[in-house]
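A.B. asks: sequence and predicted structure are below.
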Amino acid sequence: MAELVLNTNTLPEPLFRLIKAEKVKVNEADGIINLIPILDSQNDCPLRGLAADSNLTVDSFLAMTHDEKEMGQ
């Protein structure tokens, strides 16, 4: 069986409550059906939206936070 991607809101209520992702990948192997949550990778990094399309690097971010800590003391 080919893999399918479904919205979780199309699943029966008991499954919908168990899965915290918006979409699931469905596949079947040897008579076993697997539902694999598809997690949105854009939520993995809290700086993604803040630093999008900028030249902010890890080193410059650490330098800024270090300077802010020194000013606060």
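C.D. replies: Everything's here; your move. Since this is a predicted model, take the numbers as computed values, not measurements.
A.B. asks: this protein: helices as residue ranges?
C.D. replies: For the chain, the helices defined by DSSP state H occupy 13-18, 48-51, 58-72.
A.B. asks: return the member of these having the minimum mean pLDDT.
C.D. replies: When those are compared by mean pLDDT, helix 48-51 comes last with a mean of 61.
A.B. asks: can you list the helices of the chain in JSON lines and add mean neighbour count and distance to I32?
C.D. replies: For every residue, glycine as well, the C-beta is placed using N, CA and C. Listed next are the helices of the chain as JSON lines, based on neighbours: other C-beta atoms under 10 Å; distance: least, C-beta to C-beta, whole Å:
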{"stretch": "helix 13-18", "mean neighbour count": "10", "distance to I32": "15"}
{"stretch": "helix 48-51", "mean neighbour count": "11", "distance to I32": "36"}
{"stretch": "helix 58-72", "mean neighbour count": "9", "distance to I32": "42"}
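A.B. asks: distance to D30 added to the ones you listed, as a markdown table?
C.D. replies: Shown next, in a markdown table, are the helices of the chain (distance: least, C-beta to C-beta, whole Å):
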| stretch | distance to D30 |
| --- | --- |
| helix 13-18 | 21 |
| helix 48-51 | 39 |
| helix 58-72 | 45 |
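A.B. asks: among those helices, which comes closest to L35?
C.D. replies: Across the helices of the chain, L35 has its closest neighbour in helix 13-18 (7.1 Å, C-beta to C-beta).
A.B. asks: run through who's touching the closest one.
C.D. replies: Residues outside helix 13-18 that contact it (C-beta atoms under 8 Å, 6 or more residues apart in numbering): 8-9, 35.
A.B. asks: try 10 Å
C.D. replies: 7-11, 24, 35, 37 (C-beta atoms under 10 Å, 6 or more residues apart in numbering).
A.B. asks: before we move on, back to that, closest to G31 out of the helices of the chain?
C.D. replies: Set against G31 and scored by C-beta to C-beta, the helices of the chain come closest in helix 13-18, at 18.4 Å.
A.B. asks: pull the distance from that closest one to the chain's centre.
C.D. replies: Centroid separation for helix 13-18 versus its chain: 20 Å, with C-alpha atoms, centre = their mean, to the nearest Å.
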